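>>> Kindly generate the corresponding structure for this input.
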Amino acid sequence: IFASSLLLLPVTISTFSGNQTGPIMSTVLAYFGPGQPLYLLFFAAMIVFFTYFYTYNVSFKTEDVAENLKNQGGFIPGIRPGKRTEDYLTYVVTRVLVIGSAYLAFVCLLPAARDHPRPAGDPLLLGGTSVLIVVSVVMDTINQVQSHLLAHQYEGLIEKSQLPGKRGKTGAAKPRKAPARR
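Model (predicted):
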């Protein structure tokens with residue numbers, strides 16, 4: 001979202017200025033217009049940059065995670081708590097981000113590359129960000145349906161396990177009668 005917003009900034013500026021764009025702005029729009037090779041290259045580079053930036057600076061700080069693990073008595077098997085845990089987490093996150101950022105760039109660039117050149121009058125615009133949002137919503141919906149199905153399976157299992165016997169149908173003990181006093 002950040003990358004596409006920054007790359008669409010020149011187009012937005014030219015829209016507000018109308019037909020009064022100068023030669024520099026016209027050149028920028030010609031080379032960095034949506035679907036152009038430089039646009040796609042910068043878009044991919046910005047996606048990779050923002051993936052690393054957001055992960056390391058906002059969502060997953062390895063020193064905080066290592067400190068929390070140490071304070072709570074947790075550890076990673078084979079890795080000593082403290083600085084070594086932080087180094088290991090940085091190593092793992094960096095490896096995962098290489099694949100993750102390449103995947104994000106591919107998913108976001110695929111619609112942009114596919115749609116250029118797009119036939120005139122084609123109303124369907126499906127950007128990479130839209131694809132990511134749709135996929136995440138579908139995956140979340142599938143997970144919720146699976147959890148509901150699993151909950152119903154457990155309910156059926158519990159109902160089947162409550163067999164009638166000395167304790168009755170519910171499995172609860174019958175209340176005892178108080179002894180008679182003489």
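>>> Please identify the helix or strand for the residue positioned nearest the centre of the chain.
The residue lying closest to the centre of the chain (Cα atoms, centre = their mean) is Ser136, at 6.7 Å. In this structure, Ser136 sits in helix 128-161 according to DSSP states H and E.
>>> how far does that helix sit from the chain's center?
Relative to the chain's own centre, helix 128-161 is displaced by 17 Å; criterion: Cα atoms, centre = their mean, to the nearest Å.
>>> So which elements touch it?
Packing partners of helix 128-161 (3 or more Cβ pairs under 8 Å, 6 or more residues apart in numbering; DSSP states H and E): helix 83-114. C-beta: built from backbone N, CA, C; applies to glycine.
>>> which non-adjacent residue is nearest Tyr52?
Leu97 (5.9 Å; Cβ to Cβ, 6 or more residues apart in numbering).
>>> what residues are up against that neighbour?
51-52, 55 (Cβ atoms under 8 Å, 6 or more residues apart in numbering).
>>> any idea which of the residues you listed has the most stuff around it?
Within those, Thr51 tops the neighbour count with 20 neighbours, counted by other Cβ atoms under 10 Å.
>>> now this protein, which segments are flagged as low pLDDT?
18-21, 113-128, 162-182 (pLDDT under 70).
>>> TSV for the contacts of Leu97, including distance to Pro23?
As requested, the contacts of Leu97 are exported to TSV (distance: Cβ to Cβ, whole Å):
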residue	distance to Pro23
Thr51	35
Tyr52	35
Thr55	40
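>>> Does Ala44 belong to a helix, a strand or coil?
Using DSSP: H, G, I helix; E, B strand; the rest coil, the secondary structure recorded for Ala44 is helix.
>>> burial count for Glu86?
Neighbour count of Glu86, defined by other Cβ under 10 Å: 20.
>>> Just to check, it is in contact with Ala66?
Yes. Using Cβ atoms under 8 Å, Glu86 is in contact with Ala66, at 3.9 Å.
>>> Please determine how far Thr27 is located from Gln36.
Per Cβ to Cβ, to the nearest Å, Thr27 is found 12 Å from Gln36.
>>> Please say which of these two ends up with more neighbours.
Gln36 (16 against 11).
>>> May I have the phi/psi pair for that one?
Backbone torsions of Gln36, given as degrees, to the nearest 10, read phi -70, psi 150.
>>> For Ile24, see how far away it is.
From Gln36 to Ile24 the distance is 16 Å (Cβ to Cβ).
>>> Next: Leu69.
52 Å.
>>> Looking at the two, which one has more neighbours?
When Leu69 and Ile24 are compared on other Cβ under 10 Å, the one with more neighbours turns out to be Leu69, at 18 against 8.
>>> what sits up against whichever strand or helix holds the more buried one?
Secondary structure assigned from DSSP H and E places Leu69 in helix 62-71. Helix 62-71 is contacted from outside by 56, 74-76, 81-83, 85-86, 89-90, 93, using Cβ under 8 Å, 6+ apart.
>>> Please consider this matter closed, and thank you.
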